[in-house]
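>>> Below is the sequence, then the predicted model.
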Amino acid sequence: MIEPLRFERETGTLYLLDQTLLPNEETYVAITSLDQLVEAIKLLRVRGAPLLGLAGAYGLYFAVLESEKSSDFWGDLKVKVDYLVNARPTAVNLKKEVDSIMVDLPVTAEPYEIGVMVYEKIVQIENRLKQDDLSLSINGADLLTGKKNILTICNTGTLATGGIGTALGVIKVKNGRKDLNMAYLCETRPLFQGSRLSAWELVKEHVPHMIITDNTATYLMSLGKVDAVIVGADRVALNGDTANKVGTLMLAVAAQHYGIEFYVAAPTSSFDLNCPSGSDIQIEQRSPIEVLEFRGQRIAPSESQALNYAFDVTPASLITGYITEQGVLRAPFMEVK
Ligand code: MRU
């Protein structure tokens, strides 16, 4: 069983499967402070929108313990929460899960009681994520019955959610039903979440897959080898515009050209109904080094610079539907809770 994180309550230690080292090394890093967790989030040791929400909830737990030492518990906690939720700006889940816990905490309670309450909420979030994944993966597999060749990008599996996954969860359920011929995985430059992480998961679960370079995707569609595209989401806006791993937009444009259905698979916890449209989503830009170097080796001229957007925004007009735990939705979303 893949366990992207586990918490040892007796020692207050969060163990993160270091996703930067996969697939070559399966190493857990021990996290015992908010600073360590924020660093791990920024470095992508832990990643994927729903799992960032869960990791954020653990971050809040560390923040509460650390703020207990302050004479101004609530003031100090709010500063720490701000620091935590801004570690990565695009995935709504990080801020949303942390805010959803914060809003219910009684200001009259003692800090140690707050710690207990936060922990109880974390357990609830963990269970909900798993349940949502399963429901949405079944919904997606039902919807896409007979579509046996699926193209996807990035990693949207257990490593990204803690559950069966979202887009990758649909692929896994289809495979379990013998309704999958091939999962085509975009390698997902620059950090290779497709070829390192999704492929690692699918090897473990014996799911047939083929890694392709990102620029092969359109040609594959032109050959008639793709029946549907399914991707995850970092933030779905009220009008349906969706931020996801950079390269998603390119897939959606190509899919429309070739008349291929293009689905976003995401729990409704990745929907941000306070965000009117894609142009209101903050897109994370990461270090150019991720593009200019590979494993510490320079691969571009030393004089060259690089632009490294981590995500892009796909307009709702290119999205056939949204596979969620509540069913298959169409934008805009007036009824999502
Ligand atoms: O930069 P990452 O690896 O955190 O990006 C992840 C993605 O873009 C995923 O598609 C998204 O978070 C959905 S995960 C179920």
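Cool, the structure landed. Residues are numbered from 1 along each chain as shown.
>>> Please count neighbours and contacts with C-alpha atoms only from this point.
Fine.
>>> wait, Leu168 sits on Leu159?
No. With contact defined as C-alpha atoms under 8 Å, Leu168 does not reach Leu159; the gap is 10.2 Å.
>>> which parts of this structure sit against the ligand?
47-50, 154-156, 160-161, 166, 232-234, 244-245 (C-alpha under 6 Å from any ligand atom).
>>> quick one: which of the residues you listed sit in strands?
Under the assignment DSSP state E, the residues of the chain next to the ligand contribute 244-245 to strands.
>>> When Leu168 and Leu159 are compared, which one has more neighbours?
Per other C-alpha atoms under 10 Å, whichever of Leu168 and Leu159 has more neighbours is Leu168, with 30 against 26.
>>> For the more buried one, give me its contacts.
Leu168 makes contact with 152, 155-157, 198 under the criterion C-alpha atoms under 8 Å, 6 or more residues apart in numbering.
>>> ok, of those, which one's closest to Ser135?
Nearest to Ser135 among the contacts of Leu168, counting by C-alpha to C-alpha, is Gly157 at 14.1 Å.
>>> so what's that closest one up against?
Residues in contact with Gly157 (C-alpha under 8 Å, 6+ apart) are 163-169, 198, 201.
>>> at 10 Å what do you get?
2, 48, 133, 163-172, 197-198, 201-202, 232 (C-alpha atoms under 10 Å, 6 or more residues apart in numbering).
>>> Val229 is in contact with Thr152, isn't it?
Yes. Here Val229 reaches Thr152: they are 5.9 Å apart, a contact under C-alpha atoms under 10 Å.
>>> Residues in contact with both of those two, list them for me.
167, 183-184, 248, 251, 262-263.
>>> Surely Gly48 is in contact with Leu197?
No. Taking contacts as C-alpha under 10 Å, Gly48 lies outside contact range of Leu197: 11.1 Å.
>>> For those two, indicate the residue with more neighbours.
Applying other C-alpha under 10 Å to Gly48 and Leu197 shows that Gly48 carries more neighbours, namely 28 against 25.
>>> gap between that one and Asp234?
8 Å (C-alpha to C-alpha, to the nearest Å).
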